[in-house]
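>>> What would the 3D arrangement of this be:
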Amino acid sequence: MVREAVALLAPGIGSRARSEPWPVRAALLGLALIFLLLVVVLPLVAVFSQAFEKGIRAYFAALWQPETAAAIKLTLITAVIAVPLNTVFGVAAAWTLTKYRFPGRNILLTLIDLPFTVSPVISGLVFVLLFGTRGIFGPFLDAHGFKIVFATPGIVMATIFVTFPFVAREILPALQAAGNASEEAALTLGAGGWRILFRVTLPKIKWALIYGVILCNARAMGEFGAVSVVSGHIRGVTNTVPLQVEILYNEYDFVGAFAVASLLTLLALVTLVIKKVVEHRQASANDGRKA
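Here you go, the predicted model:
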């Protein structure tokens, strides 16, 4: 696709790039490889080498520490709640923005992008100011026995906030490209709204939806800034995996810190592999429709 675009915008530029002297091509390739080595490969090697520095038994022993196990459990609970909710929100928001024109549409589109522009730390601070003990709703919540900040609900809410654009932003272009012809045909044949959604719309955007869910899940499990503010760092209670890594590292438990960090690294690698598979499937599906 990039090659075709370059050919259309500037005919001959591709041939000139291929005709560059080999020292220039070698230098560019070398710079790219050095950059990848320093930014990607060496950090990955450092994480796993430190994690297994004292052997595989020490590695698994670090992961089975009660506080680490609790952090892993809380991270999974948070992701299990946040990702489905953001998936539902993303589908609903993308459907509304692409199928209807209404007052405030641009405002909704801007609000979806808000977590991309606000620092996660500021996002967490907002939840503290709203639901903390001295916050706007704090006294009311305390009087009725509800605890949001420094508890699991606050962590879930902060995670939902910082991750809710991912699904919507991936679905929006797919819905816009797909158009409304299929939905209109199904409506003409008597199909209802839910049937159209599940039998017509979602199959058309399934790869974009899967891609958005993957990115949302990866961010939910790896979120640090907002969760750090609202968690209170209560050991074994409100620490997620990223926070547990920080605590272990600050206590000079390097094997434990890198062992836990390796879980997030593996998550990133698995996310990257799934992302590439989804992109390949989506490109194949697009080529099939064009054919």
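
>>> Spit out the contact partners of R105.
Going by CB atoms under 8 Å, 6 or more residues apart in numbering, R105 touches L97. The C-beta positions use only the backbone N, C-alpha and C, and glycine is treated the same way.

>>> State the distance from it to A27.
Distance check for R105 against A27: by CB to CB, to the nearest Å, it reads 49 Å.

>>> Next: N106.
N106 is 46 Å from A27, by CB to CB.

>>> next one: V273
V273 is 31 Å from A27, by CB to CB.

>>> How about C216?
C216 is 39 Å from A27, by CB to CB.

>>> In terms of packing, which of the two has more residues around it?
Remark: of C216 and A27, C216 carries more neighbours, 29 against 12, as counted by other CB atoms under 10 Å.

>>> what's the next secondary structure element after the helix or strand hosting that one?
Assigned by DSSP states H and E, C216 belongs to helix 206-222. Downstream of helix 206-222, the first helix or strand assigned by DSSP H and E is helix 225-231.

>>> Give me the mean pLDDT for that next one.
Mean pLDDT, helix 225-231: 92.

>>> which strands and helices sit next to it?
When contacts are defined as 3 or more CB pairs under 8 Å, 6 or more residues apart in numbering; DSSP states H and E, helix 225-231 packs onto helix 120-131, helix 152-163, helix 241-250.

>>> show me what contacts the residue lying closest to T238 once chain neighbours are set aside?
Closest residue in space to T238, ignoring its immediate chain neighbours: S231 at 4.1 Å, by CB to CB, 6 or more residues apart in numbering. Listed by CB under 8 Å, 6+ apart, the contact partners of S231 are F150, G154, I155, T238, N239, T240, L243.

>>> Please, a PyMOL command that selects the buried ones among the residues you listed?
Applying 16 or more other CB atoms under 10 Å to the contacts of S231 leaves a buried subset, and the PyMOL line that selects it is:
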select buried, resi 150+154+155+238+239+240+243
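
>>> Low-confidence stretches in the stretch 1-150 of the chain?
Residue ranges of the stretch 1-150 of the chain with pLDDT under 70: 1-19.

>>> in it, which spans are helices?
With DSSP state H, counting those that start in this stretch as the criterion, the stretch 1-150 of the chain has helices at 2-9, 13-18, 22-36, 42-51, 56-63, 66-99, 105-112, 114-117, 120-131, 138-143.

>>> Of these, give the one that comes closest to E251.
In terms of CB to CB, the element of the helices of the stretch 1-150 of the chain nearest to E251 is helix 66-99, at 10.8 Å.

>>> list the buried ones in that closest one?
Under 16+ other CB under 10 Å, the buried positions of helix 66-99 are 68, 70-72, 74-75, 78-79, 81-83, 85-87, 89-91, 93-95, 97-98.

>>> try stretch 238-251
Buried residues in stretch 238-251 (16+ other CB under 10 Å): T238, N239, T240, V241, P242, L243, Q244, V245, E246, I247, L248.

>>> Quick check: the fifth one touching L264?
Read it as P242. Yes - counting by CB atoms under 8 Å, P242 does reach L264; the two are 6.9 Å apart.

>>> Could you name every residue contacting both of the two?
G222.

>>> and I205, which of the helices and strands packed on helix 225-231 is closest to it?
Comparing those under CB to CB, the one sitting nearest is helix 152-163, at 18.9 Å.

>>> ok so, going back, reformat the contacts of S231 as CSV; add distance to I136.
Listed next are those as CSV, based on distance: CB to CB, whole Å:
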residue, distance to I136
F150, 16
G154, 14
I155, 19
T238, 21
N239, 26
T240, 25
L243, 26
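
>>> could the buried residues of stretch 238-251 be laid out in JSON lines, adding distance to D142?
Output for the buried residues of stretch 238-251, formatted as JSON lines (distance: CB to CB, whole Å):
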{"residue": "T238", "distance to D142": "17"}
{"residue": "N239", "distance to D142": "23"}
{"residue": "T240", "distance to D142": "24"}
{"residue": "V241", "distance to D142": "29"}
{"residue": "P242", "distance to D142": "28"}
{"residue": "L243", "distance to D142": "24"}
{"residue": "Q244", "distance to D142": "28"}
{"residue": "V245", "distance to D142": "31"}
{"residue": "E246", "distance to D142": "29"}
{"residue": "I247", "distance to D142": "27"}
{"residue": "L248", "distance to D142": "32"}
